[in-house]
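A.B. asks: I would like to see how this sequence folds:
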Amino acid sequence: MSALDVRSQAGHMGPEFRWMVLGGFRSPAVEPGHGATLEEINQHWDWLEQNLLHTLSVFDNKDDIASFVKGKVKALIAEETSSRLAEQEEEPEKFREALVKFEARFNFPEAEKLVTYYSCCCWKGRVPRQGWLYLSTNHLCFYSFFLGKELKLVVPWVDIQKLERTSNVFLTDTIRITTQNKERDFSMFLNLDEVFKIMEQLADVALRRLLDNEGFDLDPGLQEPSQITKRMEEKRRDLEARAQNEFFRAFFRLPRREKLHAVLDCSLWTPFSRCHTAGRMFTSDSYICFASKEDGCCKVILPLREVVSIEKMEDTSLLPNPIIVSIRSKMAFQFIELRDRDSLVENLLTRLKQVHADHPVRYDTSRDEDMSREQIKISLWNDHFVEYGRTVCMFRTEKIRKLVAMGIPESLRGKLWLLFSDAVTDLAAHPGYYGNLVEESMGRCCLVTEEIERDLHRSLPEHPAFQNETGIAALRRVLTAYAHRNPKIGYCQSMNILTSVLLLYAKEEEAFWLLVAVCERMLPDYFNHRVIGAQVDQSVFEELIREQLPELAEHMKDLSALASISLSWFLTLFLSIMPLESAVNVVDCFFYDGIKAIFQLGLAVLEANAQGLCGSRDDGQALMVLSRFLDHIKNEDSPGPPVSSHHAFFSDDQEPCPVTDIADLIRDSYEKFGDQSVAQIEHMRCRHRIRVLQGHEETTKQNVLRVVIPEVSVLPEDLEELYDLFKREHMMSCYWEQPRPVAPRHDPSRPYAEQYRIDARQFARLFQLVSPWTCGAHTDILAERTFRLLDDNMDHLIEFKAFVSCLDIMYNGEMNEKIKLLYRLHIPPGDTIDYQKQLKQMIKDLAKEKDKTEKELPKMSQREFIQFCKTLYSMFHEDPEENDLYQAIATVTTLLLQIGEVGQRGSSSGSCSQEGGEELQASAPSPEQDSVFADADTGKGPQEPPAFPEEAQGGWTVSLEHILASLLTEQSLVNFFEKPLDIKSKLENAKINQYSLKTTEMSRQSQPELKLSDL
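C.D. replies: Numbers count the residues shown, from 1 in each chain. As a prediction, this is how the structure comes out:
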């Protein structure tokens, strides 16, 4: 029994005994061990006395002893963890048993895969419920059976609005799950860090896959159901690999398509320090990368297309397991201490051969001969190139960061932007690509090109380069070509400003590839319809303000005002709100350090203006303070004349604002706020992405309800429940039906009311759950007819508004409206009448003011009339007045048949119905008719309804007016259609049964396959 179990049973909330290693004045204390009992803590101490303490005498000072003890304890923990994982690998029976319990307790379809499970407590107020937490691919589930009470919780990951570690009055560390209406705390985990990390990863995967499918490619290992049928530890490793892959791409700012293959500890020879630097090698599809263990010491990016050879050297005691990577610019990189060197080299050579086959290398011997033109900065950069390299494969160290912060020389700026962003690799790998895009895209006219044309003359209008058609034409070609390349982004405002600056320092094709690097790698999800990436970074920026500038955060309670001001800083990299000659220095830092440079510069701007911001009375004055400051940032080293941003606004009677040098501001930003690592920023992004995406979902929901509420009689709270059911139905199909074309059903770029749509099968399930017109076995046929009526554009999908409009008639419409809807449902498709418009018109005419211009509905044939009557018979089944209703509908049916025969004799000049015709149930529909209108319900009520007449082959018809007038003659029928219906009970049952109905359907669908596989 573990210490946690002992403590839990004893009722204690923390360890009773602990011992600590005290650090110095600046060093925190370390807690190597604790226990619930004195015996347990003494056992730990005895082990350390026997295995550790006697070795400490070899050290000379306390710092070395403390470092050794910390390292030893960490190693023991790592060894214990790995042995525990190995034990779980060798004994999968526990996981298999947990899987059986998970399936039995929650009754999910087989496609819902369990990832891991934990013993823990779920808190309800001050009462803990001990039980089991199950984490699956799409849900967080908790089960407890305590004192005869069973508790089940099922929370879809997409419903989680906040996931955080917190504390309460009883426990110092809990995990809090926040959904729309509830907060739930989970605690008493043996390894809370591990649980929280897996929760974050699963929530991030689910949210980005299901809510933000735009531009996000899920790793196949987590997407394919066949790949998820693994043991628990393999699934954990899949999640860890995915997180590591995302960190790799973010840290080195590589394309999203890059897949990480291996991460290896090694050392790299760094000639500038004349020693081997310890770090890690990362290998992917098209790159070999290196990062030193000491943050910022050294970073290297080697595109495989730049690599000439990869060779193994002789293994010696001084150079264990070395390899040499030679590149085109006659540089070589020596890596040592590589485990499994032979396999690594073999894999790298295979990928190198593939890369060179896909993109043949073209050697350029004329490059970089015209670089040494500008005075002091040029000389410094040339010296740096000699020592560290001058291609994309250069050593990236703290020294180069300092050179970048000083400002890149004008003549080198474009080339270094290409190198730092690795756009030079894309440029070399795609010869002729840009020219072909320009040919394909120019001359086309669409909404995107209209937006581009509108913004062309707003792009740096004060700069001479864009005061003539030559510059405008180049800008037009780059923006149009990119919109053609990436229609998901197309064109977004602020892209014009960024591209204009790129064209000032790079050739047209180079500017295109720089734009690709910024939009698709360096600022992911910034330039799309919802600017999710920018909003996530604004949320991260708010958190950094609270951490780094607490006094400012305390004064400005609502930091969203600052976020709205700083949004343009991130979208345009300060180009729109700072003089151009100063802003390009910011862009220099951005291309070298990525978004981290914008975060730290934003913090430096706020710190410089903290006094003015704290004294501002409102958001407008705060905006004025920041705008005046940013407009007076100068670049003393700029060789060209100053170009004002023209974005600041202040009156002439204000005091002149002091001038700030951009180099000083950038230096301060690195010194004061440069300690944020890429890993920390990516972790914060992951956490805030949940909140931002859920905020978008809530906005979508409220806007849909705002549109629908005035048009229906359903109460707002019931509409909200219906929306949740509608969205959950869409989500369940995304969970468990693979492969699933999610994009056509959830498109964030569409209007709010059309973002979520469902198909016929999903509609049928919802119809069965919430419709008052349930007809036994006939329900599916009626649901399909209703779907056909609502699917006005014939794309086999309907949105929420159409779904609710139909339900509103069923629940709240008057009798003539309900009969009219039933009448339309039994007219086969193919007529020229727009049924959807008629349905909307009928909703608007609730006051009974019939639109005289409305087209007359076609008359119903005898075959359609018989189907109409069968639907009514099915609807009356199990009604308390069932017998009276059967008798009434029989009377009405007889009357209407006689009316139809009279009309038939009049229209056919005495021709009579053909006798001996086939029964409707046996008749074969014509090829152009839909099967829905050929099928008949064979189910009977408890009282056998009268036999339906044989179908006439002549011109037998009956109109809506005839049917409505006949039904009004029977009071029992009038009472049936006018009695009040309660939607709330249906909604409550639907929330309970929605999952089980889906599971039952999937089980029924899989049964034939199981039988075949058993043969």
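A.B. asks: can you tell me how far the closest residue to Val392 other than its chain neighbours sits from Ile408?
C.D. replies: The shortest distance from Val392 to any non-neighbouring residue, by C-beta to C-beta, 6 or more residues apart in numbering, is to Leu419 (4.9 Å). C-betas here are computed from N, CA, C, even on glycine. Per C-beta to C-beta, to the nearest Å, Leu419 is found 11 Å from Ile408.
A.B. asks: Specify which residue of the two has the higher count of neighbours.
C.D. replies: Ile408 (25 against 22; other C-beta atoms under 10 Å).
A.B. asks: Phi, psi for that one please.
C.D. replies: phi -80, psi 140 (degrees, to the nearest 10).
A.B. asks: list the contacts for it?
C.D. replies: Lys377, Trp381, Leu416, Trp417, Asn585, Asp588 (C-beta atoms under 8 Å, 6 or more residues apart in numbering).
A.B. asks: Hmm, Ile633 and the fifth one touching each other?
C.D. replies: So that's Asn585. No: counting by C-beta atoms under 8 Å, Asn585 stays clear of Ile633, with 9.4 Å between them.
A.B. asks: which neighbours do those two share?
C.D. replies: Common neighbours of Asn585 and Ile633 (C-beta under 8 Å, 6+ apart) are Ile662.
A.B. asks: where do the helices sit along the stretch 301-450 of the chain?
C.D. replies: All helices of the stretch 301-450 of the chain, identified by DSSP state H, counting those that start in this stretch, fall at 341-358, 376-388, 398-406, 410-421, 423-429, 433-441, 447-456.
A.B. asks: Looking at those, which is nearest to Asp159?
C.D. replies: For these, distance to Asp159 was read as C-beta to C-beta. The smallest value, 34.4 Å, belongs to helix 447-456.
A.B. asks: helix or strand right after that closest one?
C.D. replies: Counting by DSSP states H and E, the next helix or strand C-terminal to helix 447-456 is helix 469-485.
A.B. asks: Can you mark which positions in that next one are buried?
C.D. replies: Neighbour counts over helix 469-485 (16 or more other C-beta atoms under 10 Å) mark 471-472, 474-485 as buried.
A.B. asks: now, among the residues you listed, which is nearest to Leu789?
C.D. replies: Looking across the buried residues of helix 469-485 and measuring by C-beta to C-beta, the closest to Leu789 is Ala483, at 38.3 Å.
A.B. asks: show me the residues around that closest one that make contact.
C.D. replies: Neighbours of Ala483 in contact, by C-beta under 8 Å, 6+ apart: Ser441, Val448, Thr449, Ile452, Ile489, Gly490, Tyr491.
A.B. asks: any chance of the helices of the stretch 301-450 of the chain in a markdown table, plus mean pLDDT and distance to Leu789?
C.D. replies: Shown next, in a markdown table, are those (pLDDT from 0 to 100; distance: least, C-beta to C-beta, whole Å):
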| stretch | mean pLDDT | distance to Leu789 |
| --- | --- | --- |
| helix 341-358 | 90 | 52 |
| helix 376-388 | 87 | 70 |
| helix 398-406 | 91 | 64 |
| helix 410-421 | 94 | 54 |
| helix 423-429 | 92 | 51 |
| helix 433-441 | 93 | 41 |
| helix 447-456 | 90 | 32 |
